[in-house]
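1. Give me coordinates for this.
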Amino acid sequence: MIAVAIAVLISISGQFTSYATFSDAKSSSRVVKVAGQLIKDKEMYYNPEKDPNYFSFYMLDADSMEMKVIYYADKPTDFEMSEQVVLTGKMKENEFIASDILLKCPSKYKDQELKVKRAASE
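-> Numbers count the residues shown, from 1 in each chain. Presented below is the predicted three-dimensional model:
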């Protein structure tokens, strides 16, 4: 029973990660969480007629480093209204490949977080 409890704690501990920056993600091959702000005046590309599972945008992390983010799923609803974006994913060359997106939105969504999970696994 104790061994099972220890195994469960070890498997859960991997889910409690601290936030990283894009620089941290570049130097790691592991999946990281990066919090930041959407750059609203840069291109957000989503063309569902061409590829409904490709969405890209630009984000600033906590160190004000700008990075192109690619999300292989559809564009989240009300994405442009988000105050903060938390990404889970890893770097691939000079782009951050997000597997999950957590949006923190203002006003009518106050204190509510919208979690978006990609349906397809990599």
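
2. Secondary structure element holding the closest residue to residue 89 other than its chain neighbours?
-> In space, residue 89 comes closest to residue 98 once its chain neighbours are excluded; the distance is 4.1 Å by C-beta to C-beta, 6 or more residues apart in numbering. (Each C-beta comes from the backbone N, C-alpha and C, glycine too.) Assigned by DSSP states H and E, residue 98 belongs to strand 95-104.

3. Secondary structure of residue 80: a strand, I assume?
-> No. If the criterion is DSSP: H, G, I helix; E, B strand; the rest coil, then residue 80 is helix and not within a strand.

4. is it true that it touches residue 41?
-> No. The criterion here is C-beta atoms under 8 Å, and residue 80 misses it with residue 41 at 11.1 Å.

5. the more surrounded of the two?
-> Counted by other C-beta atoms under 10 Å, residue 80 and residue 41 do not tie: residue 80 has more neighbours, with 11 against 6.

6. For the more buried one, which residues are in contact?
-> Going by C-beta atoms under 8 Å, 6 or more residues apart in numbering, residue 80 touches 38, 40, 44.

7. Need the three-state assignment for the second one.
-> When states are read from three-state DSSP, the local structure at residue 40 comes out as coil.

8. Sounds good, over and out.
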